[in-house]
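Asks: With the input below, show me the fold.
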Amino acid sequence: MVLDALLTLAASFLVIGLGFCLTLHIAARYVLGDVPIRNALAGFVPAAIVVALTLAGQPVPAAALALAAEVIVVQSVYDVSYRRSGFITVVHFTVSFLLGFALQNLLALLGTAPT
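Replies: So this is what the prediction gives:
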């Protein structure tokens, strides 16, 4: 029982983290041009915050804290100013939202397909 919950938590964190890494790399390439893909691993920081605080029942503070942490992490990893880091974070949020919205609608559409 506990092992199943831990496995589910680990899989959820991995999927969310990889999604954030992908969308962060897209955002960074859009704003900065050609950047190393290893820098996109910074996407695991906001993913960890979102997963941890959402599990604790605090989704709104999770989003705010994740955005603030991402600005700091992106500024550090990509070595840019806070203004540019904030812009990358806004683009990352937008890309993540659009990708999540599209995937949610796709899954909803597939759920209504005849069998």
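
Asks: What are the boundaries of the helices in this protein?
Replies: Assigned by DSSP state H, the helices in the chain fall at 2-32, 44-55, 59-78, 82-111.

Asks: What residues does the residue nearest the centre of the chain make contact with?
Replies: Geometric centre of the chain, nearest residue: Phe20, 2.8 Å, by Cα atoms, centre = their mean. By Cβ atoms under 8 Å, 6 or more residues apart in numbering, the contact set of Phe20 is Gly43, Phe44, Pro46, Ala47, His92, Ser96. (C-beta placed from N, C-alpha, C; glycine too.)

Asks: And for Ile16?
Replies: Counted by Cβ under 8 Å, 6+ apart, Ile16 has contacts Ala47, Val50, Val51.

Asks: one more time with 10 Å
Replies: Gly43, Phe44, Pro46, Ala47, Ala48, Val50, Val51, Thr54, Ser96, Gly100 (Cβ atoms under 10 Å, 6 or more residues apart in numbering).

Asks: From the residues you listed, pick the one nearest Thr112.
Replies: Using Cβ to Cβ, Gly100 comes nearest to Thr112 of the contacts of Ile16, at 19.2 Å.

Asks: What's the separation between the closest one and Pro114?
Replies: According to Cβ to Cβ, to the nearest Å, Gly100 and Pro114 sit 26 Å apart.

Asks: thinking again about what came up before, the contacts of Ile16 into JSON lines, with extra columns for pLDDT, distance to Ala10 and neighbour count?
Replies: Output for the contacts of Ile16, formatted as JSON lines (pLDDT from 0 to 100; distance: Cβ to Cβ, whole Å; neighbours: other Cβ atoms under 10 Å):
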{"residue": "Gly43", "pLDDT": "93", "distance to Ala10": "17", "neighbour count": "27"}
{"residue": "Phe44", "pLDDT": "95", "distance to Ala10": "13", "neighbour count": "18"}
{"residue": "Pro46", "pLDDT": "93", "distance to Ala10": "17", "neighbour count": "28"}
{"residue": "Ala47", "pLDDT": "92", "distance to Ala10": "12", "neighbour count": "23"}
{"residue": "Ala48", "pLDDT": "93", "distance to Ala10": "12", "neighbour count": "16"}
{"residue": "Val50", "pLDDT": "90", "distance to Ala10": "15", "neighbour count": "21"}
{"residue": "Val51", "pLDDT": "91", "distance to Ala10": "10", "neighbour count": "19"}
{"residue": "Thr54", "pLDDT": "88", "distance to Ala10": "15", "neighbour count": "17"}
{"residue": "Ser96", "pLDDT": "92", "distance to Ala10": "21", "neighbour count": "20"}
{"residue": "Gly100", "pLDDT": "90", "distance to Ala10": "20", "neighbour count": "13"}
